[in-house]
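Q: next comes the sequence, and after it the predicted model I'd like to discuss.
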Amino acid sequence: MHIPDNYLSPATCAVMGAAMVPVWTIAVKKVTQEMDRTRIPLLGLGAAFSFLMMMFNVPIPGGTTAHAVGGALLAVLLGPWSACISVSVALLVQAVMFGDGGILAFGANCFNMAFVMPFLGYFVYRFIRDRVKGDTGEYAAIGVGAYLGINVAAFAAAIEFGIQPMLFKDAAGLPMYCPYPLSISIPAMLIPHLLVAGLVDAAFTVAIFAFLRRVSPGTIYQGRETRTRWIYALLVGLVVLSPLGLLAAGTAWGEWGADEIGSVSTGGRALGYVPQGMKNGFSFSALMPDYSLGGVSAVLGYAASAVAGVAILVIAFKLLSLIGGRGRSVVRAKR
(Lines give C-alpha, C1' and ligand atoms only; values in the text may rest on other atoms or scores of the structure.)
Protein backbone atom coordinates (compact mmCIF):
# COMPACT_ATOMS: atom_id res chain seq x y z
CA MET A 1 0.00 0.00 0.00
CA HIS A 2 3.09 2.22 0.04
CA ILE A 3 2.68 4.33 -3.09
CA PRO A 4 6.13 4.94 -4.64
CA ASP A 5 7.18 8.18 -6.23
CA ASN A 6 6.11 8.81 -9.85
CA TYR A 7 2.93 6.69 -9.63
CA LEU A 8 1.00 9.83 -8.75
CA SER A 9 1.40 13.12 -10.57
CA PRO A 10 3.12 16.00 -8.75
CA ALA A 11 -0.26 17.76 -8.71
CA THR A 12 -1.91 14.79 -7.02
CA CYS A 13 0.93 14.57 -4.50
CA ALA A 14 0.57 18.28 -3.74
CA VAL A 15 -3.17 17.96 -3.17
CA MET A 16 -2.77 14.95 -0.89
CA GLY A 17 0.02 16.65 1.04
CA ALA A 18 -2.09 19.79 1.45
CA ALA A 19 -4.99 17.66 2.70
CA MET A 20 -2.77 16.23 5.44
CA VAL A 21 -1.40 19.56 6.68
CA PRO A 22 -4.51 20.48 8.75
CA VAL A 23 -4.73 16.90 10.01
CA TRP A 24 -1.15 16.97 11.25
CA THR A 25 -1.64 20.44 12.70
CA ILE A 26 -4.66 19.37 14.75
CA ALA A 27 -2.97 16.11 15.76
CA VAL A 28 0.15 17.87 17.06
CA LYS A 29 -1.96 20.46 18.89
CA LYS A 30 -4.12 17.83 20.58
CA VAL A 31 -1.20 15.67 21.63
CA THR A 32 0.88 18.54 23.01
CA GLN A 33 -2.09 19.95 24.91
CA GLU A 34 -3.75 16.79 26.15
CA MET A 35 -1.02 14.17 26.57
CA ASP A 36 1.23 14.16 29.59
CA ARG A 37 4.85 14.30 28.47
CA THR A 38 5.66 11.10 30.36
CA ARG A 39 3.36 9.22 27.97
CA ILE A 40 4.71 10.71 24.72
CA PRO A 41 7.27 7.86 24.44
CA LEU A 42 4.26 5.56 23.98
CA LEU A 43 3.76 7.20 20.57
CA GLY A 44 7.26 6.05 19.68
CA LEU A 45 6.47 2.53 20.81
CA GLY A 46 3.26 2.67 18.77
CA ALA A 47 5.18 3.88 15.71
CA ALA A 48 7.66 1.05 16.22
CA PHE A 49 4.85 -1.52 16.35
CA SER A 50 3.37 -0.17 13.12
CA PHE A 51 6.80 -0.09 11.47
CA LEU A 52 7.45 -3.72 12.37
CA MET A 53 3.98 -4.90 11.36
CA MET A 54 4.57 -3.41 7.92
CA MET A 55 7.77 -5.47 7.58
CA PHE A 56 5.87 -8.76 7.82
CA ASN A 57 4.93 -9.21 4.17
CA VAL A 58 2.49 -11.98 3.34
CA PRO A 59 2.05 -13.62 -0.09
CA ILE A 60 -1.01 -12.73 -2.12
CA PRO A 61 -2.47 -14.90 -4.93
CA GLY A 62 -1.13 -13.61 -8.21
CA GLY A 63 2.47 -13.26 -7.06
CA THR A 64 2.26 -9.99 -5.13
CA THR A 65 2.51 -9.25 -1.41
CA ALA A 66 0.76 -7.20 1.27
CA HIS A 67 1.20 -6.41 4.95
CA ALA A 68 -0.58 -5.26 8.10
CA VAL A 69 -0.28 -1.66 9.33
CA GLY A 70 -1.77 -1.55 12.81
CA GLY A 71 -3.50 1.81 12.43
CA ALA A 72 -6.63 0.72 14.27
CA LEU A 73 -4.58 -0.85 17.07
CA LEU A 74 -2.74 2.40 17.74
CA ALA A 75 -5.96 4.40 17.52
CA VAL A 76 -7.56 2.28 20.23
CA LEU A 77 -4.46 2.27 22.44
CA LEU A 78 -3.44 5.92 22.05
CA GLY A 79 -6.39 7.70 20.44
CA PRO A 80 -6.78 8.42 16.71
CA TRP A 81 -4.90 11.72 16.72
CA SER A 82 -1.90 10.18 18.45
CA ALA A 83 -2.09 7.21 16.09
CA CYS A 84 -2.01 9.62 13.16
CA ILE A 85 1.28 11.06 14.39
CA SER A 86 2.80 7.65 15.16
CA VAL A 87 1.97 6.12 11.78
CA SER A 88 3.01 9.30 9.92
CA VAL A 89 6.44 9.26 11.56
CA ALA A 90 6.81 5.52 10.88
CA LEU A 91 5.99 6.17 7.20
CA LEU A 92 8.51 9.02 7.09
CA VAL A 93 11.26 6.78 8.45
CA GLN A 94 10.35 4.08 5.92
CA ALA A 95 10.46 6.52 3.02
CA VAL A 96 13.71 8.29 3.96
CA MET A 97 15.68 5.40 5.43
CA PHE A 98 14.47 2.46 3.38
CA GLY A 99 12.83 3.82 0.23
CA ASP A 100 9.53 2.17 1.16
CA GLY A 101 6.94 4.66 -0.09
CA GLY A 102 7.70 7.80 -2.05
CA ILE A 103 9.00 11.12 -0.78
CA LEU A 104 6.60 13.11 -2.99
CA ALA A 105 3.84 10.56 -2.28
CA PHE A 106 4.34 10.88 1.49
CA GLY A 107 1.16 12.92 1.92
CA ALA A 108 -0.92 10.38 -0.01
CA ASN A 109 0.50 7.46 1.98
CA CYS A 110 -0.18 9.28 5.24
CA PHE A 111 -3.73 10.13 4.13
CA ASN A 112 -4.42 6.44 3.50
CA MET A 113 -2.56 4.78 6.37
CA ALA A 114 -2.23 7.49 9.04
CA PHE A 115 -5.62 9.19 8.61
CA VAL A 116 -8.24 6.99 6.95
CA MET A 117 -7.11 3.76 8.59
CA PRO A 118 -6.81 4.74 12.27
CA PHE A 119 -9.80 7.09 12.33
CA LEU A 120 -12.17 4.67 10.60
CA GLY A 121 -10.84 1.75 12.64
CA TYR A 122 -11.31 3.71 15.86
CA PHE A 123 -14.89 4.78 15.12
CA VAL A 124 -15.87 1.27 14.02
CA TYR A 125 -14.35 -0.02 17.24
CA ARG A 126 -16.31 2.49 19.32
CA PHE A 127 -19.55 1.78 17.45
CA ILE A 128 -19.34 -1.98 18.08
CA ARG A 129 -17.84 -1.73 21.57
CA ASP A 130 -20.66 0.53 22.79
CA ARG A 131 -23.25 -2.00 21.64
CA VAL A 132 -21.65 -5.38 22.34
CA LYS A 133 -20.51 -5.70 25.93
CA GLY A 134 -17.89 -7.92 27.50
CA ASP A 135 -14.58 -9.29 26.25
CA THR A 136 -16.19 -10.72 23.13
CA GLY A 137 -17.47 -7.32 22.15
CA GLU A 138 -14.10 -5.69 22.74
CA TYR A 139 -12.13 -8.19 20.67
CA ALA A 140 -14.75 -8.26 17.92
CA ALA A 141 -14.80 -4.47 17.83
CA ILE A 142 -11.07 -4.02 17.45
CA GLY A 143 -10.79 -6.88 14.93
CA VAL A 144 -13.57 -5.53 12.72
CA GLY A 145 -12.21 -2.00 13.07
CA ALA A 146 -8.77 -3.13 11.90
CA TYR A 147 -10.24 -5.13 9.00
CA LEU A 148 -12.42 -2.31 7.71
CA GLY A 149 -9.76 0.34 8.33
CA ILE A 150 -7.11 -1.29 6.15
CA ASN A 151 -9.60 -2.13 3.41
CA VAL A 152 -10.97 1.39 3.13
CA ALA A 153 -7.39 2.69 3.13
CA ALA A 154 -6.61 0.29 0.27
CA PHE A 155 -9.69 1.57 -1.57
CA ALA A 156 -8.45 5.15 -1.16
CA ALA A 157 -5.08 4.15 -2.60
CA ALA A 158 -6.84 2.42 -5.50
CA ILE A 159 -8.73 5.63 -6.32
CA GLU A 160 -5.50 7.61 -6.24
CA PHE A 161 -3.88 5.10 -8.60
CA GLY A 162 -6.88 4.78 -10.88
CA ILE A 163 -7.52 8.45 -11.60
CA GLN A 164 -3.99 9.01 -12.93
CA PRO A 165 -4.54 7.62 -16.47
CA MET A 166 -7.78 9.61 -16.67
CA LEU A 167 -6.13 12.93 -15.87
CA PHE A 168 -2.52 12.78 -17.04
CA LYS A 169 -1.49 11.61 -20.52
CA ASP A 170 1.53 12.27 -22.71
CA ALA A 171 1.53 13.53 -26.30
CA ALA A 172 0.91 10.00 -27.58
CA GLY A 173 -2.14 9.62 -25.35
CA LEU A 174 -0.43 7.16 -22.98
CA PRO A 175 -0.67 7.51 -19.18
CA MET A 176 2.23 9.51 -17.74
CA TYR A 177 2.08 8.02 -14.26
CA CYS A 178 0.18 5.00 -12.93
CA PRO A 179 -1.09 3.33 -16.12
CA TYR A 180 -3.89 1.31 -14.53
CA PRO A 181 -7.46 2.71 -14.59
CA LEU A 182 -10.01 2.31 -11.82
CA SER A 183 -11.35 -0.87 -13.42
CA ILE A 184 -7.98 -2.48 -12.69
CA SER A 185 -6.70 -0.62 -9.62
CA ILE A 186 -9.79 -1.13 -7.46
CA PRO A 187 -10.03 -4.93 -7.73
CA ALA A 188 -6.23 -5.26 -7.70
CA MET A 189 -6.05 -3.44 -4.37
CA LEU A 190 -9.29 -4.54 -2.74
CA ILE A 191 -9.43 -8.25 -3.48
CA PRO A 192 -6.07 -9.07 -1.80
CA HIS A 193 -6.87 -6.83 1.16
CA LEU A 194 -10.38 -8.20 1.60
CA LEU A 195 -9.20 -11.81 1.38
CA VAL A 196 -5.75 -11.73 3.01
CA ALA A 197 -4.23 -8.45 4.22
CA GLY A 198 -7.34 -7.36 6.14
CA LEU A 199 -7.46 -10.66 7.99
CA VAL A 200 -3.72 -10.45 8.76
CA ASP A 201 -4.10 -6.91 10.12
CA ALA A 202 -7.08 -7.97 12.22
CA ALA A 203 -5.21 -11.00 13.57
CA PHE A 204 -2.10 -8.95 14.45
CA THR A 205 -4.26 -6.28 16.06
CA VAL A 206 -6.30 -8.66 18.20
CA ALA A 207 -3.24 -10.68 19.23
CA ILE A 208 -1.19 -7.63 20.29
CA PHE A 209 -4.21 -6.05 22.01
CA ALA A 210 -4.88 -9.26 23.96
CA PHE A 211 -1.20 -9.53 24.95
CA LEU A 212 -1.03 -5.94 26.20
CA ARG A 213 -4.39 -6.27 27.94
CA ARG A 214 -2.98 -9.20 29.90
CA VAL A 215 0.56 -8.08 30.74
CA SER A 216 0.31 -4.27 30.72
CA PRO A 217 -3.33 -3.23 31.18
CA GLY A 218 -2.35 0.39 31.85
CA THR A 219 -1.41 0.64 28.18
CA ILE A 220 -5.11 0.28 27.41
CA TYR A 221 -7.05 1.32 30.50
CA GLN A 222 -6.51 4.47 32.52
CA GLY A 223 -5.65 3.89 36.15
CA ARG A 224 -4.16 0.41 35.60
CA GLU A 225 -0.54 -0.68 35.80
CA THR A 226 1.67 -0.10 32.76
CA ARG A 227 4.58 -2.53 32.47
CA THR A 228 6.72 -1.15 29.68
CA ARG A 229 9.21 -4.01 29.96
CA TRP A 230 6.61 -6.28 28.37
CA ILE A 231 6.07 -3.81 25.56
CA TYR A 232 9.80 -3.73 24.87
CA ALA A 233 9.94 -7.52 25.07
CA LEU A 234 7.24 -7.77 22.41
CA LEU A 235 9.12 -5.30 20.20
CA VAL A 236 12.31 -7.34 20.55
CA GLY A 237 10.40 -10.48 19.62
CA LEU A 238 8.99 -8.84 16.50
CA VAL A 239 12.45 -7.57 15.52
CA VAL A 240 13.88 -11.09 15.82
CA LEU A 241 11.05 -12.51 13.72
CA SER A 242 11.07 -9.68 11.15
CA PRO A 243 13.14 -11.61 8.54
CA LEU A 244 10.09 -13.83 8.08
CA GLY A 245 8.83 -10.97 5.92
CA LEU A 246 11.40 -12.01 3.32
CA LEU A 247 9.60 -15.32 2.77
CA ALA A 248 6.87 -13.56 0.76
CA ALA A 249 8.36 -13.28 -2.72
CA GLY A 250 7.21 -10.69 -5.21
CA THR A 251 6.40 -7.00 -5.16
CA ALA A 252 3.25 -5.46 -3.73
CA TRP A 253 0.77 -4.34 -6.39
CA GLY A 254 1.48 -0.78 -7.50
CA GLU A 255 5.00 -0.74 -6.07
CA TRP A 256 7.00 -1.89 -9.09
CA GLY A 257 10.03 0.11 -10.13
CA ALA A 258 10.43 1.74 -13.53
CA ASP A 259 12.62 -1.21 -14.54
CA GLU A 260 9.81 -3.67 -13.76
CA ILE A 261 6.49 -2.11 -14.71
CA GLY A 262 6.87 -2.52 -18.47
CA SER A 263 6.93 -6.31 -18.11
CA VAL A 264 4.14 -6.57 -15.52
CA SER A 265 1.23 -8.58 -16.91
CA THR A 266 -2.38 -7.63 -16.34
CA GLY A 267 -5.07 -9.84 -17.80
CA GLY A 268 -2.38 -11.98 -19.42
CA ARG A 269 -0.77 -9.08 -21.30
CA ALA A 270 2.33 -7.10 -20.36
CA LEU A 271 2.09 -3.33 -20.15
CA GLY A 272 4.84 -3.04 -22.76
CA TYR A 273 6.08 0.47 -21.96
CA VAL A 274 7.28 2.67 -19.12
CA PRO A 275 5.15 5.76 -18.47
CA GLN A 276 7.10 8.96 -19.11
CA GLY A 277 6.47 10.29 -15.63
CA MET A 278 8.08 7.18 -14.16
CA LYS A 279 10.97 7.10 -16.61
CA ASN A 280 11.90 10.75 -16.10
CA GLY A 281 10.43 11.36 -12.66
CA PHE A 282 11.71 12.16 -9.20
CA SER A 283 14.50 9.96 -7.85
CA PHE A 284 15.66 9.56 -4.26
CA SER A 285 18.38 7.31 -2.84
CA ALA A 286 17.44 5.83 0.52
CA LEU A 287 20.09 5.01 3.11
CA MET A 288 19.14 1.32 3.33
CA PRO A 289 17.10 0.67 0.18
CA ASP A 290 14.57 -2.17 0.38
CA TYR A 291 15.60 -2.87 3.99
CA SER A 292 19.05 -4.06 2.94
CA LEU A 293 22.57 -3.42 4.15
CA GLY A 294 25.50 -3.67 1.80
CA GLY A 295 27.93 -6.50 2.42
CA VAL A 296 25.63 -8.66 4.54
CA SER A 297 23.00 -11.27 3.80
CA ALA A 298 19.39 -10.33 3.10
CA VAL A 299 18.31 -11.78 6.46
CA LEU A 300 20.86 -9.81 8.46
CA GLY A 301 20.15 -6.67 6.44
CA TYR A 302 16.42 -7.00 7.08
CA ALA A 303 16.97 -7.56 10.80
CA ALA A 304 19.40 -4.61 10.95
CA SER A 305 16.77 -2.46 9.24
CA ALA A 306 14.21 -3.50 11.85
CA VAL A 307 16.61 -2.58 14.66
CA ALA A 308 17.49 0.76 13.04
CA GLY A 309 13.88 1.71 12.38
CA VAL A 310 12.68 0.83 15.87
CA ALA A 311 15.62 2.62 17.50
CA ILE A 312 15.03 5.81 15.50
CA LEU A 313 11.33 5.88 16.36
CA VAL A 314 11.69 5.10 20.05
CA ILE A 315 14.56 7.55 20.57
CA ALA A 316 12.88 10.33 18.55
CA PHE A 317 9.71 10.27 20.65
CA LYS A 318 11.73 9.93 23.86
CA LEU A 319 13.54 13.14 22.95
CA LEU A 320 10.21 14.80 22.11
CA SER A 321 8.92 13.91 25.56
CA LEU A 322 11.66 16.04 27.06
CA ILE A 323 10.34 19.17 25.34
CA GLY A 324 6.68 18.52 24.55
CA GLY A 325 3.44 17.57 26.22
CA ARG A 326 1.97 19.56 29.06
CA GLY A 327 -1.68 18.65 29.34
CA ARG A 328 -3.88 16.50 31.43
CA SER A 329 -3.93 12.93 30.18
CA VAL A 330 -3.61 10.73 27.14
CA VAL A 331 -6.43 10.83 24.64
CA ARG A 332 -7.92 7.35 24.44
CA ALA A 333 -11.17 5.50 24.02
CA LYS A 334 -13.67 5.55 26.85
CA ARG A 335 -14.40 2.11 28.24
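A: Received it, and whenever you're ready, just let me know what you need. Only a predicted model underlies this, so the values are computations on that prediction, with no experimental measurement involved.

Q: where do the strands of the stretch 201-335 of the chain begin and end?
A: Taking DSSP state E, counting those that start in this stretch to define them, one finds strands in the stretch 201-335 of the chain at 265-266, 269-270.

Q: can you say which of these is packed in most?
A: strand 265-266 (a mean of 12; mean count of other CB atoms under 10 Å). For every residue, glycine as well, the C-beta is placed using N, CA and C.

Q: reformat the strands of the stretch 201-335 of the chain as TSV; add mean pLDDT and distance to residue 165.
A: Output for those, formatted as TSV (pLDDT from 0 to 100; distance: least, CB to CB, whole Å):
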stretch	mean pLDDT	distance to residue 165
strand 265-266	83	12
strand 269-270	90	16
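
Q: need those in a markdown table with distance to residue 245, can you?
A: Listed next are the strands of the stretch 201-335 of the chain as a markdown table, based on distance: least, CB to CB, whole Å:
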| stretch | distance to residue 245 |
| --- | --- |
| strand 265-266 | 25 |
| strand 269-270 | 28 |
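
Q: right, and the ones you listed - which one's nearest residue 161?
A: Among those, the nearest to residue 161 by CB to CB is strand 265-266 (12.5 Å).

Q: starting at the chain centroid, how far to the closest one?
A: From the chain centre to the centre of strand 265-266 is a distance of 26 Å (CA atoms, centre = their mean, to the nearest Å).

Q: cool, stretch 54-63 as well?
A: The answer for stretch 54-63 is 14 Å, by CA atoms, centre = their mean.

Q: gap between the two ends of it?
A: One end of stretch 54-63 to the other measures 18 Å (CA to CA, to the nearest Å).

Q: list the buried ones in it?
A: For stretch 54-63, the buried set under the neighbour-count rule, 16 or more other CB atoms under 10 Å, comprises 54-58, 60.

Q: same thing with stretch 232-252?
A: For stretch 232-252, by 16+ other CB under 10 Å, it's 234-235, 238-239, 242-243, 245-246, 248, 252.

Q: residue 283 and residue 271: what is the separation?
A: 20 Å (CB to CB, to the nearest Å).

Q: same question, residue 243
A: In terms of CB to CB, residue 243 sits 32 Å off from residue 271.

Q: try residue 260
A: 10 Å.

Q: more neighbours, the two?
A: Set residue 260 next to residue 271 and count neighbours by other CB atoms under 10 Å: residue 271 wins out with 17 against 12.

Q: how about the helices in the protein?
A: 10-34, 41-53, 71-78, 80-98, 106-110, 117-129, 134-162, 164-167, 182-192, 198-215, 228-241, 276-279, 298-321 (DSSP state H).

Q: any chance of CSV for these, columns distance to residue 266 and mean pLDDT?
A: Output for those, formatted as CSV (distance: least, CB to CB, whole Å; pLDDT from 0 to 100):
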stretch, distance to residue 266, mean pLDDT
helix 10-34, 21, 95
helix 41-53, 29, 94
helix 71-78, 29, 95
helix 80-98, 26, 97
helix 106-110, 22, 98
helix 117-129, 26, 97
helix 134-162, 12, 96
helix 164-167, 12, 96
helix 182-192, 6, 95
helix 198-215, 22, 94
helix 228-241, 33, 92
helix 276-279, 16, 94
helix 298-321, 28, 95
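
Q: can you redo these as CSV with distance to residue 4?
A: Below are the helices of the chain laid out as CSV (distance: least, CB to CB, whole Å):
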stretch, distance to residue 4
helix 10-34, 11
helix 41-53, 18
helix 71-78, 20
helix 80-98, 9
helix 106-110, 10
helix 117-129, 19
helix 134-162, 11
helix 164-167, 13
helix 182-192, 14
helix 198-215, 21
helix 228-241, 25
helix 276-279, 9
helix 298-321, 18
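
Q: and those helices: which comes nearest residue 222?
A: helix 71-78 (11.8 Å).

Q: residue 243: what's it in contact with?
A: By CB atoms under 8 Å, 6 or more residues apart in numbering, the contact list for residue 243 reads 298-299, 302-303.

Q: just name the closest of those residues to residue 101, please.
A: Distances from residue 101 to those, taken by CB to CB, are shortest for residue 302, at 16.9 Å.

Q: residue 246 versus that closest one, what's the distance?
A: Taken as CB to CB, the span from residue 302 to residue 246 is 6 Å.

Q: again with residue 190
A: Residue 190 sits 26 Å away from residue 246, going by CB to CB.

Q: do the same with residue 110
A: Distance of residue 110 to residue 246, computed by CB to CB: 26 Å.

Q: again, but for residue 164
A: 30 Å.

Q: likewise residue 16?
A: 30 Å.

Q: ok, now residue 10?
A: For residue 10 relative to residue 246 (CB to CB), the value is 33 Å.
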